[in-house]
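A.B. asks: sequence and computational prediction follow.
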Amino acid sequence: MSAQERGLARLMLRFPEFRQGFARLRGGRFGGVCEEYDLVWEVIGRWSQAEHCALFSFNDYCLLAAAIERDAIAMAKAVPDPGAIAKAPGPDSAPTSSSEFPQPVPPISPSW
């Protein structure tokens with residue numbers, strides 16, 4: 001299993017309400033988000049016992065994981081649901097004869 005697949009699986013388990021959105025976002029920029037998420041959780045898992053890291057603290061990695069989660073959720077919310085039915089226009093939305101929809105101008109006869 002790749003880092004991208006592991007990250008996607010982690011996100012789907014952590015946020016089951018966004019599983020469909022995550023599934024529609026596979027690859028591209030979202031694939032990178034999944035890889036980053038997996039990497040961050042690998043570091044958190046390794047250093048959770050020691051509570052330190054050479055460059056960042058354990059809490060910094062937890063904050064980074066939360067930021068990646070917010071990005072992933074925002075991306076899942078932004079993706080359109082292909083199963084959603086578009087609302088058909090009702091009779092109130094039919095065009096009317098107003099200035100918004102100008103009537104055709106009759107042709108002008110030549111003046112010669």
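C.D. replies: It's in. Computed from a prediction, not measured in an experiment: that's the story for all the values here. Residues are numbered from 1 along each chain as shown.
A.B. asks: what residue ranges in this structure score low on pLDDT?
C.D. replies: For the chain, the stretches with pLDDT under 70 are 48-56, 84-112.
A.B. asks: 50 instead, please
C.D. replies: The model of the chain has pLDDT under 50 over residues 88, 95-105, 112.
A.B. asks: distance check, Trp41 against Asp81.
C.D. replies: Distance, Trp41 to Asp81, using C-beta to C-beta, to the nearest Å: 28 Å. From N, CA and C alone the C-beta is placed, and that goes for glycine too.
A.B. asks: out of the two, which sits in the more crowded spot?
C.D. replies: Between Trp41 and Asp81, counted using other C-beta atoms under 10 Å, the more crowded position is Trp41 (19 against 9).
A.B. asks: for the one helix or strand that one maps to, which positions count as buried?
C.D. replies: Assigned by DSSP states H and E, Trp41 belongs to helix 28-47. Of all the residues in helix 28-47, those buried under the rule 16 or more other C-beta atoms under 10 Å are 30-31, 33-41, 43, 47.
A.B. asks: for whichever helix or strand comes after it, packing partners?
C.D. replies: Next along the chain after helix 28-47, taking DSSP H and E as the criterion, comes helix 58-78. When contacts are defined as 3 or more C-beta pairs under 8 Å, 6 or more residues apart in numbering; DSSP states H and E, helix 58-78 packs onto helix 3-14, helix 19-24, helix 28-47.
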